[in-house]
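Colleague: here you go, sequence then predicted model.
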Amino acid sequence: MVVMPPISEKPDNESLADRIGDRERLIGCASVNPTLGEDVVKAFEESIQRGIKGLHLLPRTHRYAIDSDLVSPLLDVAQARRIPVTTESCSEYCHPVQIANLAGRFPEVSIIADVGFRPVAPPVSLSQPEPEAGRIADQALNHSNLYLGLTALATAETYLIKRLLDTIPVDRLVFGSNAPSGIPLYSVGGVRQANLGDEAEALFLGETLKKIYHL
């Protein structure tokens, strides 16, 4: 299980690392706010030394463009340390084309775009126009280091999974529980109701994430 600190202006990654300790089944993922200045890069590196194995970016929450130069120093560290990156997506500051720009600049970094319940960005049911340069699944198809993280409502609604699989292969999808806000049991149930087959289901529910985190 990948664990991130509570969302805040200055996430407490140090406490997260301390609480996880040496629990082998828990993987710490540091949330970092690059708008706080150059010190966040040093703090991120210190988190890695404390056992943190992932980077979580919140461009919509912290209000910066995901493909801006502000992010580059953090991605440089992630690339050098083989650290995967998870980011908010499909909204202001992190539209699909912006995430694709980041994936193109750092092709050696595995990037998980957390699409939540917006896997087609936006859902057709919202009657909103298709975003600039295509939806997030189209961008993932063109960037081999870009994965889609499906959480909560996305996995509970089976038709959304099948729509995505019309565009990208199942090994580009990553399951997320969205706990404690979401109920993991329902999310897993949605995946199983899709009848993907044992091999595809295993990839979706953990095998691909294991590869991304070099486990």
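Modeller: Noted; the coordinates are in hand.

Colleague: just so I have it, where are all the helices in the chain?
Modeller: 13-20, 39-49, 59-62, 72-81, 96-105, 136-142, 153-156, 158-165, 184-193, 198-202, 208-212 (DSSP state H).

Colleague: can you flag the weakest of the ones you listed by average pLDDT?
Modeller: When the helices of the chain are compared on mean pLDDT, helix 153-156 scores lowest, with a mean of 65.

Colleague: thinking again about what came up before, which one of the helices of the chain lies nearest to Glu88?
Modeller: helix 59-62 (4.7 Å; Cβ to Cβ). The C-beta positions use only the backbone N, C-alpha and C, and glycine is treated the same way.

Colleague: name the helices or strands packed onto the closest one?
Modeller: In terms of contacts (3 or more Cβ pairs under 8 Å, 6 or more residues apart in numbering; DSSP states H and E), helix 59-62 is packed against strand 85-88.

Colleague: circling back to that earlier point, winner for burial among the helices of the chain?
Modeller: Neighbour counts (mean count of other Cβ atoms under 10 Å) averaged over each of these peak at helix 153-156, with a mean of 24.

Colleague: next one: Thr86 from Tyr159, what distance?
Modeller: Separation of Thr86 from Tyr159 (Cβ to Cβ, to the nearest Å): 24 Å.

Colleague: now do Ser89
Modeller: As defined by Cβ to Cβ, Ser89 lies at a distance of 20 Å from Tyr159.

Colleague: just Asp114 next, same as before
Modeller: Distance from Asp114 to Tyr159, counting by Cβ to Cβ: 20 Å.

Colleague: check Thr208 too.
Modeller: In this view, Thr208 and Tyr159 are 21 Å apart by Cβ to Cβ.

Colleague: from Val191, how far off is Lys162?
Modeller: Counting by Cβ to Cβ, the gap between Lys162 and Val191 amounts to 11 Å.

Colleague: hang on, the earlier thing: who wins for proximity to Leu26 among the helices of the chain?
Modeller: Distances from Leu26 to each of the helices of the chain were compared by Cβ to Cβ, and the smallest falls on helix 13-20, at 4.7 Å.

Colleague: other SSEs contacting that closest one?
Modeller: strand 27-32, helix 39-49.

Colleague: how does it look with 6 Å?
Modeller: strand 27-32 (3 or more Cβ pairs under 6 Å, 6 or more residues apart in numbering; DSSP states H and E).

Colleague: so what touches the strand it packs on?
Modeller: Strand 27-32 has contacts (Cβ atoms under 6 Å, 6 or more residues apart in numbering) with 2-5, 11, 13, 16-17, 20, 40, 44, 47, 52-56.

Colleague: centre of the chain versus it, how much separation?
Modeller: Distance of strand 27-32 from the chain centroid (Cα atoms, centre = their mean, to the nearest Å) equals 11 Å.

Colleague: cool, stretch 22-37 as well?
Modeller: Stretch 22-37 has its C-alpha centroid displaced from the chain centroid by 13 Å (Cα atoms, centre = their mean).

Colleague: now the end-to-end length of it.
Modeller: This stretch, stretch 22-37, spans 30 Å end to end (Cα to Cα, to the nearest Å).
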